[in-house]
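[1] Any chance you can model this:
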Amino acid sequence: MKHTDHYTVVGNHLAQHRALSLVAIGLALHIQSLPAGSRVGIKALADRFPEGVVRIAAALRELEAHGYLERSRVRTADGRVVSRTVSYNRPRTLPPPHEPPPTPPGGRAPVPVPVAEPVAAPPPQAAAPVPAVVPAPAVVPVPVPVPAVVPAAPAGPVRQEALDLLARLRGDDPRLLLAERDVRRLAPGVTAWLERGAEPEAVRCVLAAGLPDDMRSPAALIGYRLRSGLPPELPREPAPTAARRPDPMQNCDGCDRGFRAPAPGRCSTCPPEGMDAAA
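    This next block holds a predicted model:
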């Protein structure tokens, strides 16, 4: 079905760019679809997408290097210094030498003309250049806790109970919705906990409790908790001692009453053998 509104026109020079990464191409498409004046700073984009600050910053540098973005520092009327970002729907520089423009069959090769200024605003349904004035991005530290010594989870068979436990973590917090590949990668760590006697409910509480507000990678956080909090192995139960069997029944040589003793002889009430004769 042909689109008649709410669509963005993107040139193949961007969609099929040989040098840009897939993240940079997708980010350029998103920026070109925004209305003028939208916030396109690193923090605003990181809040919108799951890639995080590092990958988005690298993608913006790619687009700037290939002429799809221009960033400059300007001072506002109130004296603040902000970053002004201008997006171009055509690159401002010629294609690199190894990417010549295609030559039509039987015709002459077109001469590429560099575009030094933002193109004129297209019709309402097409994407327009997106100038955006945003505050200078602050340095956002990405905490990655790494313990000094972290015991690795022992390799072994994966229990289905471990897979089910990881898949159900989303019920405790929607942010713990894990990809299938992450569930299978983390399942050996959960199995190690279960093999060491940890109850499934206790494992679930350790993994899902006290989550940080700015959690960016739930799989990395769960993997860290599994490695750093691995419980010790349970001590072995002492071997049961064999019960002592009672002495067999004997008949007293003196009074002929029955009593228990390891060997025949006299009971405790009769005098030792030989003393009765002497009396």
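
[2] Give me the nearest residue to Pro271, chain neighbours excluded.
    Spatially, and ignoring its direct neighbours in sequence, Pro271 is nearest to Gly254 (7.3 Å; C-beta to C-beta, 6 or more residues apart in numbering). To be clear about C-beta, it is placed using only N, CA and C from the backbone, and glycine gets the same treatment.

[3] Quick check: the one you found touching Cys267?
    Yes. In this structure Gly254 lies within contact range of Cys267 using C-beta atoms under 8 Å: 7.2 Å.

[4] Isn't Val53 up against Ala46?
    Yes. Between Val53 and Ala46 there is a contact at 4.8 Å, judged by C-beta under 8 Å.

[5] The helix or strand hosting Cys205: how far from the chain's middle?
    Using DSSP states H and E, Cys205 sits within helix 200-208. Centroid displacement of helix 200-208 relative to its chain, using C-alpha atoms, centre = their mean, to the nearest Å, is 17 Å.

[6] how about the strands of this protein, start to end?
    Remark: strands assigned in the chain by DSSP state E are 69-75, 81-87, 131-135, 249-251, 258-260.

[7] Looking at these, which is nearest to Thr4?
    Closest to Thr4 of these, according to C-beta to C-beta: strand 81-87, at 24.1 Å.

[8] Paired strands for that closest one, with orientation please.
    Neighbouring strands of strand 81-87 in its sheet, by DSSP bridges, are strand 69-75 (antiparallel), strand 131-135 (antiparallel).

[9] which of the residues in that strand are buried?
    Going by neighbour count (16 or more other C-beta atoms under 10 Å), the buried part of strand 81-87 is 82-83, 85-87.

[10] got it, and stretch 31-50?
    Burial within stretch 31-50, assessed by neighbour count using 16+ other C-beta under 10 Å, is assigned to 31-32, 34, 38, 40-46.

[11] same thing with stretch 238-252?
    Neighbour counts over stretch 238-252 (16+ other C-beta under 10 Å) mark 250, 252 as buried.

[12] measure it end to end?
    41 Å (C-alpha to C-alpha, to the nearest Å).

[13] Show residues contacting it.
    Residues from elsewhere that reach stretch 238-252 (C-beta atoms under 8 Å, 6 or more residues apart in numbering): 257-267, 270.

[14] Quick one: mean pLDDT over it.
    Mean pLDDT, stretch 238-252: 81.

[15] Please apply the same query to stretch 174-194.
    Computed over stretch 174-194, the mean pLDDT rounds to 92.

[16] Show me the helices in the stretch 1-150 of the chain, by range?
    12-15, 22-32, 42-48, 53-65 (DSSP state H, counting those that start in this stretch).

[17] and the ones you listed as JSON lines, adding mean pLDDT and distance to Pro248?
    Output for the helices of the stretch 1-150 of the chain, formatted as JSON lines (pLDDT from 0 to 100; distance: least, C-beta to C-beta, whole Å):
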{"stretch": "helix 12-15", "mean pLDDT": "88", "distance to Pro248": "97"}
{"stretch": "helix 22-32", "mean pLDDT": "89", "distance to Pro248": "87"}
{"stretch": "helix 42-48", "mean pLDDT": "86", "distance to Pro248": "85"}
{"stretch": "helix 53-65", "mean pLDDT": "89", "distance to Pro248": "83"}
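
[18] Many thanks, have a good one.
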